[in-house]
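Novice: sequence? don't have it. structure:
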């Protein structure tokens, strides 16, 4: 049976008439209410059989739902909810069936009155047709699937731009940035940010029409999003990027509003005190705010620093106030004041680091060397200070001292980067490369006699990294064949780098890594599936087929993983 006929059969099975036969009326009605909230919809094919899996909101947490269909058979489903435990077709399956149909047919999951409002371009009616929670769910579910509807939402935003006061603007910002409760899951953050980006459209319109309102609204948006960010898993950096875009929008509004009175300096100080991630360009902000506001901002920075510096138990506040006053001096070009501040602030190792870095930034190498020598005497094992001292030594021609420290660091904590740094330093002194390599490998081998399993794996990983960098494949393979042990990441990097002549060996090295990864992996199995792709790419067709068949059998209890193997 061809692909077209299987899809036609599936669409027929998903028509209203067939769904009414498959689901009880009350179950289907409840499914319609959930359909717009279906997320992470994944479609797979195995011959003529079509399957879909997704997350559907449950009473406490989303349920994993799966549906199957093949021509000539009825729709079959599976859900984690209690109602479906005996095989009954539940509302979560009904919601997913509707979402599946929507994806295949390009339909929009909106209530009928909302669809009518879209067709009439009556955007206020479009919003009234559903609650804000339903709208948020719709945006999350549909933003990527329906460009036309996304464009309609942007049109509504532009049509709703005019506001008469800051209170109205704040309400609009709050509505756009309203966040679901489950942003602790990183997979949901991207969809939330796609919705939240609508605030940028609002701010752009207000900046063109009422910049003073845009300025207050941007400040409000930053405070709201900062709270969301504190509770979300932003592993992919989506919220952080939106924060940066909001900071840029704030600056645009300030430029449009023009120079501000001195009192604005307090507002600016509060804003930047909360900006722990340095999203703002301070020189640009001060220039846009004007001299009066900038002067007041500097006075407030100095007052906060004086207060916190005098306190013995305000480390966090002291760090923030020093950072802000230093940034102010740097932004205004008062380099002498910046150094005076840092010399006054020498209370811990981080203060010393700040002083040395500022001396280097100002082009004062001798003063930086003297300052870092003093700091290293006080904090001899502080990594950043040791690195700064190395930079100062090498800049001043102290090559022998630099080599001695680099070898000491490598002996204490071997790494590929440390190995390469030692080689460069040895050549700078005039040592032979072969002699330097031999010495460094001797230092590395000294770690192997500790008898500690963790240390053995860690040092073995460093060895593999070195062999991979130098393309000494035979040495590494001989060591592995003799029972050499390594950390998984180094072993994976080595196996993936092996040349084509060793692809069979590489596949065998990667297989146990996949097994260990699958022991702790969960849906959507992204990393594990990438590893499967790398293994099968290095196998001949016969071995590839047998291995994929074994994986399907071995991990049959993880259907979302086995379904996606079909795409490899």
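Specialist: Right, received. Where do you want to start? These numbers were taken from a predicted model, which means no experiment stands behind them. Numbers count the residues shown, from 1 in each chain.
Novice: gap between the helix or strand hosting residue 102 and the chain center?
Specialist: With elements taken from DSSP states H and E, the one containing residue 102 is helix 91-105. Here helix 91-105 is found 29 Å from its chain centre; the criterion is CA atoms, centre = their mean, to the nearest Å.
Novice: who does it touch, helix- and strand-wise?
Specialist: On a contact count with 3 or more CB pairs under 8 Å, 6 or more residues apart in numbering; DSSP states H and E, helix 91-105 meets helix 3-13, helix 16-22, helix 25-34, strand 39-46, strand 49-56, strand 63-69, strand 76-79. (C-beta placed from N, C-alpha, C; glycine too.)
Novice: let's see it at 7 Å
Specialist: Under the contact criterion of 3 or more CB pairs under 7 Å, 6 or more residues apart in numbering; DSSP states H and E, helix 91-105 touches helix 25-34, strand 49-56, strand 63-69, strand 76-79.
Novice: what residues sit buried inside the first one?
Specialist: For helix 25-34, the neighbour count (16 or more other CB atoms under 10 Å) marks 27, 28, 30, 31, 34 as buried.
Novice: next one: the second one
Specialist: By neighbour count, with 16+ other CB under 10 Å as the criterion, the buried positions of strand 49-56 are 50, 51, 52, 53, 54, 55, 56.
Novice: tell me the one of these nearest residue 357?
Specialist: Minimum distance to residue 357 across the buried residues of strand 49-56 is 46.7 Å, recorded for residue 55 (CB to CB).
Novice: from memory the closest one sits against residue 37, does it?
Specialist: No. In this structure residue 55 lies outside contact range of residue 37 using CB atoms under 7 Å: 9.1 Å.
Novice: tell me, what residue is most central in this structure?
Specialist: Central residue of the chain (CA atoms, centre = their mean): residue 236, 1.3 Å from the mean position.
Novice: wait, is that one part of a helix?
Specialist: No. Assessed with DSSP: H, G, I helix; E, B strand; the rest coil, residue 236 is coil; it does not lie in a helix.
Novice: about what we covered before: reformat the helices and strands packed on helix 91-105 as TSV; add mean pLDDT and distance to residue 318.
Specialist: Below are the helices and strands packed on helix 91-105 laid out as TSV (pLDDT from 0 to 100; distance: least, CB to CB, whole Å):
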stretch	mean pLDDT	distance to residue 318
helix 25-34	86	51
strand 49-56	89	45
strand 63-69	91	49
strand 76-79	90	54
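Novice: nearest to residue 242, of those?
Specialist: Across the helices and strands packed on helix 91-105, residue 242 has its closest neighbour in strand 49-56 (23.2 Å, CB to CB).
Novice: okay, the angle between that closest one and strand 39-46?
Specialist: Between strand 49-56 and strand 39-46, the angle comes out at 170 degrees (axes from the mean of the first three to the mean of the last three CA atoms, to 10 degrees).
Novice: so what secondary structure elements neighbour strand 49-56?
Specialist: strand 39-46, strand 63-69, helix 91-105, helix 559-565.
Novice: sheet partners, orientation included, of it?
Specialist: strand 39-46 (antiparallel), strand 63-69 (antiparallel) (DSSP bridges).
Novice: re the thing from before, please point out which parts of the helix holding residue 102 sit buried.
Specialist: By neighbour count on 16+ other CB under 10 Å, the buried set for helix 91-105 is 91-103.
Novice: so residue 510 touches residue 534, yeah?
Specialist: Yes. Using CB under 7 Å, residue 510 is in contact with residue 534, at 6.2 Å.
Novice: who has more neighbours, those two?
Specialist: residue 510 (21 against 17; other CB atoms under 10 Å).
Novice: which element is the more buried one on?
Specialist: helix 503-518.
Novice: from the contact counts, what lies against the helix or strand following that helix?
Specialist: Using DSSP H and E, the next helix or strand after helix 503-518 towards the C-terminus is helix 526-537. In this structure, helix 526-537 packs against helix 503-518, helix 541-554, helix 559-565, with contacts taken as 3+ CB pairs under 7 Å, 6+ apart.
Novice: mean confidence score for the first one?
Specialist: What helix 503-518 shows for mean pLDDT is 92.
Novice: can you list contacts of it?
Specialist: Under the criterion CB atoms under 7 Å, 6 or more residues apart in numbering, residues 477, 488, 491-492, 495, 498, 527-528, 531-532, 534-535, 538-539, 555 lie in contact with helix 503-518.
Novice: mind listing what's buried along that helix?
Specialist: So for helix 503-518, counting by 16+ other CB under 10 Å, buried means 503, 505, 506, 507, 509, 510, 511, 513, 514, 517, 518.
Novice: of the residues you listed, just say which sits nearest to residue 192.
Specialist: Closest approach to residue 192 among the buried residues of helix 503-518 (CB to CB): residue 517, at 28.2 Å.
Novice: separation between that closest one and residue 44?
Specialist: 21 Å (CB to CB, to the nearest Å).
Novice: who touches residue 293 in this structure?
Specialist: 260, 261, 262, 264, 265, 268.
Novice: likewise residue 281?
Specialist: Taking CB under 7 Å, 6+ apart, we find residue 281 in contact with residue 251.
Novice: so, low pLDDT: which residues of this structure?
Specialist: 1-6, 105-163, 182-187, 312-316, 448-453, 567-568 (pLDDT under 70).
Novice: out of the buried residues of strand 49-56, which is nearest to residue 483?
Specialist: Scanning the buried residues of strand 49-56 for proximity to residue 483, where the rule is CB to CB, the winner is residue 53, at 41.7 Å.
Novice: specify the beta-bridge partners of the closest one.
Specialist: residue 42, residue 66.
Novice: wait, it sits on residue 66?
Specialist: Yes. Under the criterion of CB under 7 Å, residue 53 makes contact with residue 66 at 4.7 Å.
Novice: if we can go back for a sec, just send the helices and strands packed on strand 49-56 back as a markdown table, with distance to residue 416 too.
Specialist: Formatted as a markdown table, the helices and strands packed on strand 49-56 follow (distance: least, CB to CB, whole Å):
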| stretch | distance to residue 416 |
| --- | --- |
| strand 39-46 | 38 |
| strand 63-69 | 41 |
| helix 91-105 | 46 |
| helix 559-565 | 33 |
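Novice: of all these, which one is nearest residue 278?
Specialist: strand 39-46 (33.2 Å).
Novice: right, I'll leave it there.
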